[in-house]
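[1] structure, please.
(2 chains)
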Amino acid sequence: MDKLQSLRGMVDLLPEHTPLWQWLEARARLHFRRAGVSEIRTPLLEVTELFARGIGEATDVVGKEMYSFLDRGERSCTLRPEGTASVVRAALQHGLLSQGPQRLWYGGPMFRYERPQAGRQRQFHQIGLEMLGFADARSDVEAIAIAWDLLADLGVQGLALELNSLGTSADRANYRQQLVDFLQVHRELLDADGQDRLERNPLRILDSKHPATQALLVEAPSLLNCLAPESRERFEQVQAGLTALQIPFQLNPRLVRGLDYYSHTAFEITSDQLGAQATVCGGGRYDGLVQQLGGPATAAIGWALGMERLVLLLAQGDAAANDLAAAVPDLYVVNRGAAAELAALRLARELRAAGLVVELDASGAAFKKQFQRADRSGARWAAVLGDSELERGLVRLKPLRQQRPGAAAGGEGADGEAVDGGGLGGKGLGGEAELRLDDLVALLARVGSA
RNA sequence: GCGGGCGUCGCCAAGCGGUUAAGGCAGCGGCUUGUGGUGCCGCCAUCCGGGGGUUCGAAUCCCCUCGCUCGCCCCA
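    Have a look, this model is predicted:
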């Protein structure tokens, strides 16, 4: 069938899921705010060259995963595959760095043309932190701590922080030579992919999952041993900082990040609950990137967090899920009759202006039908407005959530708390009541704001 | 780009060569011509992702194709 459907790897977020995302985003915003980090929003579309130069031509992301196309002006454009390059570009373009170090965060969709699988989509969402103009090892610790604390606050369990240092570019060149020398000798043990990388990008062989390669790497020289004394000392400071903050970590000398701009500290926060895509958050230092994009030499560190993966983790534990129901109406307006329907429209508007969550039945259906819908909406009250009420200037108020014998079982949807008379009961209105229209608005306004 | 699994109504799901393609949820209508959640009754796939083939006969077997999904690669 040729029904219209979303593009492969492009996923709809349906209403039942958006509350969790909103909650997540709100928590993240709060953490950034407390840490003095400001939000920056950059375009989804950039010139292709930004990513080619920023991320590295040899990387998979640039080499085979970008959504690139020519626009009507024949410019090569690319849907951003990550956030860092854009943030740095924006900071340079607007002279942010001349105003001192920048603590920035961003969030939103990223695009990578890959085969979708668990925890991987073509359009996916990241929240990221970029600290531009920060060189001290303490900034590494702070950046990691912000991520760690956010994740902990969200209630994500079973996370592990893996840490490595890639040193300076000189350190890496040094190590690269040692690694190549070692692997050359055992070349035939590498898979085709590994042999290919031996020339192009030998460091990437380190995180290969190929069993024979893994076995071979046990004997391989360690990157950490190639660090210059200053790099080593810097790395130790980072570790000391994390220890002081009681953030547990494991050293992983095989941890190399896939984007070229990383140096010194590299880290990943992983979960064993995610299947193949274990990394929830990844980042590191990128002291060379700003300069590479045409700016002044500027030390920087940042990370990005994969929202879909986070949601996957949150959905497993029920910690967050409970208090995230969508807004339930305070009041459902049942109405029927030409004049009454108009009055109901007005009533709903006034009640909303007074701060109440009001659902108006606009179907014109029979009262029975409307009450069924009122009940399913989860509203606490039904306001009934028909022509006879209207004639007398009244509205009938009916409690919907009162427990009635035999009504509890078999409930669907948002049952649970069987609300009693609520605030209105306390005001001497047990059960059903008739009220003057104006009084209802006034009364509910008071209850709503209480 | 390469492997594995799967594709029946909006959702869940029976069926496994001959059925009018079960059932449940949701939806709609009615019993109750202005009053809710229960109950009862009725309606809701000429069609089984699409195309071809085998057969007297296919949702059920074969081929191709598309889509979904998991994994490799890579990354958040």
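[2] what's the neighbour count on the closest residue in space to A:Leu206 that isn't next to it in sequence?
    Excluding its sequence neighbours, the residue lying closest to A:Leu206 (C-beta to C-beta, 6 or more residues apart in numbering) is A:Arg254, at 4.4 Å. Using the backbone N, CA and C atoms, a C-beta is placed for each residue, glycine as well. Neighbour count of A:Arg254, defined by other C-beta atoms under 10 Å: 17.
[3] residue contacts, the spatially most central residue of chain A?
    Closest to where the C-alpha atoms of chain A average out (C-alpha atoms, centre = their mean) is A:Met307, at 3.2 Å. Counting by C-beta atoms under 8 Å, 6 or more residues apart in numbering, A:Met307 touches A:Trp21, A:Leu24, A:Gly107, A:Phe124, A:His125, A:Gln126, A:Ile127.
[4] pull the most distant pair out of those residues.
    Maximum pairwise distance among the contacts of A:Met307 (C-beta to C-beta): 14.0 Å, between A:Leu24 and A:Phe124.
[5] tally of neighbours for A:Leu394?
    18.
[6] where along the stretch 151-300 of chain A do the helices fall?
    Remark: helices assigned in the stretch 151-300 of chain A by DSSP state H, counting those that start in this stretch are A:169-185, A:192-200, A:211-219, A:229-244, A:289-292.
[7] which one, of these, ends up nearest to RNA strand B?
    Closest of those to RNA strand B is helix A:192-200, at 5.7 Å (criterion: C-beta to the nearest atom of the strand).
[8] wait, does that closest one contact RNA strand B?
    Yes. Interface with RNA strand B: helix A:192-200 contributes A:Asp193, A:Arg197 (C-beta under 7 Å from any atom of the strand).
[9] circling back to that earlier point, what about the contacts of A:Met307, which are in helices?
    A:Trp21, A:Leu24 (DSSP state H).
[10] turn the contacts of A:Met307 into JSON lines, including distance to A:Ala278, pLDDT and neighbour count.
    As requested, the contacts of A:Met307 are arranged in JSON lines below (distance: C-beta to C-beta, whole Å; pLDDT from 0 to 100; neighbours: other C-beta atoms under 10 Å):
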{"residue": "A:Trp21", "distance to A:Ala278": "21", "pLDDT": "90", "neighbour count": "17"}
{"residue": "A:Leu24", "distance to A:Ala278": "19", "pLDDT": "92", "neighbour count": "22"}
{"residue": "A:Gly107", "distance to A:Ala278": "22", "pLDDT": "97", "neighbour count": "20"}
{"residue": "A:Phe124", "distance to A:Ala278": "15", "pLDDT": "95", "neighbour count": "21"}
{"residue": "A:His125", "distance to A:Ala278": "18", "pLDDT": "96", "neighbour count": "21"}
{"residue": "A:Gln126", "distance to A:Ala278": "16", "pLDDT": "97", "neighbour count": "23"}
{"residue": "A:Ile127", "distance to A:Ala278": "18", "pLDDT": "97", "neighbour count": "24"}
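[11] ok, and of the contacts of A:Met307, which contact RNA strand B?
    Among the contacts of A:Met307, RNA strand B is touched by A:Phe124, A:Gln126 when using C-beta under 7 Å from any atom of the strand.
[12] and of the contacts of A:Met307, the nearest to RNA strand B?
    Using C-beta to the nearest atom of the strand, the contacts of A:Met307 come closest to RNA strand B at A:Phe124, 3.5 Å.
[13] that closest one contacts A:Met110, correct?
    Yes. Between A:Phe124 and A:Met110 there is a contact at 5.8 Å, judged by C-beta atoms under 8 Å.
[14] which residues touch the residue lying closest to A:Arg89 once chain neighbours are set aside?
    In this structure, A:Arg89 finds its nearest non-sequential neighbour in A:Leu50, 5.6 Å apart by C-beta to C-beta, 6+ apart. By C-beta under 8 Å, 6+ apart, A:Leu50 lies in contact with A:Thr78, A:Ala85, A:Ser86, A:Arg89, A:Leu293.
[15] again with A:Arg234
    A:Ala137, A:Ser165, A:His264.
[16] now which of these would you call buried?
    A:Ala137, A:Ser165, A:His264 (16 or more other C-beta atoms under 10 Å).
[17] does the second one touch A:Asn225 like I think?
    No. Checked against C-beta under 8 Å, the pair A:Ser165 and A:Asn225 is beyond contact range at 11.3 Å.
[18] any low-confidence regions in chain A?
    Applying pLDDT under 70 to chain A flags residues A:1-3, A:258, A:316-326, A:402-432, A:440-450.
[19] secondary structure element for A:Asp438?
    helix A:437-449 (DSSP states H and E).
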